[in-house]
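Asker: sequence plus predicted model, see below.
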Amino acid sequence: MTISKNLRDRLSDAESVCVLTGAGISAESGVPTFRGEQGLWKKFRPEELANVDAFMRNPDLVWEWYSYRRKVVSEVQPNPGHFAIVEMQNLIRDFTLVTQNVDNLHSRAGSRGVVELHGNITRNYCIRCRRPASEELVQKSDKVPVCSHCGGFIRPDVVWFGELLPPRAYEEAEDAAGRCDLFLCVGTSGVVYPAASLPQMAKEHGAFVLEINAEYTDLSPRVSETLIGKAGEILPLLVRVMKEERHHEQT
Ligand code: BV8
Ligand code: ZN
């Protein structure tokens, strides 16, 4: 993988960096993506499961699907791609990590202040009184649990289709995209909005937008450069170049 002179300069000079990640960064940890060959949506379609009507129509099915995904993410580890982002955060003064993933792997890798646009599958709450549900209540039932305070159904703390993103999270993501001079877009097919509008926003504000993906996506025509390959291999390489360039300047 060769790093263009232009990209090398950007990695060396960047003072404000924003990274947007999608399911592709967790693929090498063994977490299935949504739209790939073995994609999660292969068996189910988003309409069937990741929306509130599906949950109200068939809470046990939706709950079971999230219990399966919680089990998967509890059994996997963050990969070199997640750890490279932690190292990048330590190199760059103004650094924001925005993720569409709900698998909690960035936080487990050590990333701080992760902006979770679509929530986090390790948190659950009551749809009626909105109290957080305890771990043991969540773990013990494979059927949808009911709230010990009011009897309401417990749901995962994720953003379903048709639901608003957490307002503060999205605002923080927009601010970071608007002020960064380097925007990395890693492992996302760029089909889910409003998250997919962030790279465009960064580009319009003059940022260099680098896409890292196993294949070309809907975003590719609109970014500054696309590196095709695995996030777990490319991100550590970019951090190495960043360190070389910056260490070089310090000496
Ligand atoms: C909202 C949480 C409404 C739950 C998720 C028509 C046009 C435009 C928009 C819409 C439309 N109709 C409806 C909408 C809005 C809708 C939307 O965007 N739909 C899309 C499908 C068209 N958006 C919403 O509903 C959002 N809410 O808009 O509010 C509103 C507005 C105003 C007022 C009131 C209401 C809510 C969206 C959030 C949905 N929740 N997940 C859960 O996870 O169960 S979305 C789901 O998709 C995940 O969060 C996931 O993160 C997200 C995006 O997927 P990706 O992360 O990109 O993953 P994917 O599998 O697609 O791609 C993986 C990529 O990785 C691939 O490119 C692959 O090549 C690459 N890859 C694989 N391996 C590697 C790799 N890359 C590098 N290295 C590797 N090793
Ligand atoms: Zn309740």
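Answerer: Great, that's in hand. Residues are numbered from 1 along each chain as shown. Ligands and ions are numbered 1, 2, ... in the order given.
Asker: what helices and strands are in contact with the longest strand seen in the chain?
Answerer: When the chain is parsed with DSSP state E, its longest strand is strand 119-126. Counting by 3 or more Cβ pairs under 8 Å, 6 or more residues apart in numbering; DSSP states H and E, the packing neighbours recorded for strand 119-126 are helix 59-75, strand 154-158. In this view, the C-beta of every residue, glycine as well, is placed from N, C-alpha and C.
Asker: now that strand: buried residues?
Answerer: For strand 119-126, a neighbour-count test (16 or more other Cβ atoms under 10 Å) marks G119, N120, I121, T122, N124, Y125, C126 as buried.
Asker: hey, C-alpha coordinates of it in CSV?
Answerer: Output in CSV follows, covering the C-alpha atoms of strand 119-126 (Å, rounded to 0.1, in the frame of the first residue of the first chain):
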residue,chain,number,x,y,z
GLY,A,119,-26.5,4.2,20.4
ASN,A,120,-24.9,1.2,22.2
ILE,A,121,-26.1,-2.4,22.3
THR,A,122,-24.7,-2.9,25.8
ARG,A,123,-27.3,-0.4,27.2
ASN,A,124,-31.0,-1.2,27.5
TYR,A,125,-34.0,0.8,28.9
CYS,A,126,-37.7,0.7,29.6
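Asker: in the stretch 1-150 of the chain, what spans have low per-residue confidence?
Answerer: Filtered on pLDDT under 70, the stretch 1-150 of the chain yields the residue ranges 36-43, 46-47.
Asker: 50 instead?
Answerer: Across the stretch 1-150 of the chain, nothing is flagged by pLDDT under 50.
Asker: what residues does it put near ligand 1?
Answerer: On the criterion Cβ under 6 Å from any ligand atom, ligand 1 has as its neighbours in the stretch 1-150 of the chain the residues 22-24, 27-28, 33-36, 39, 50, 100-102, 118.
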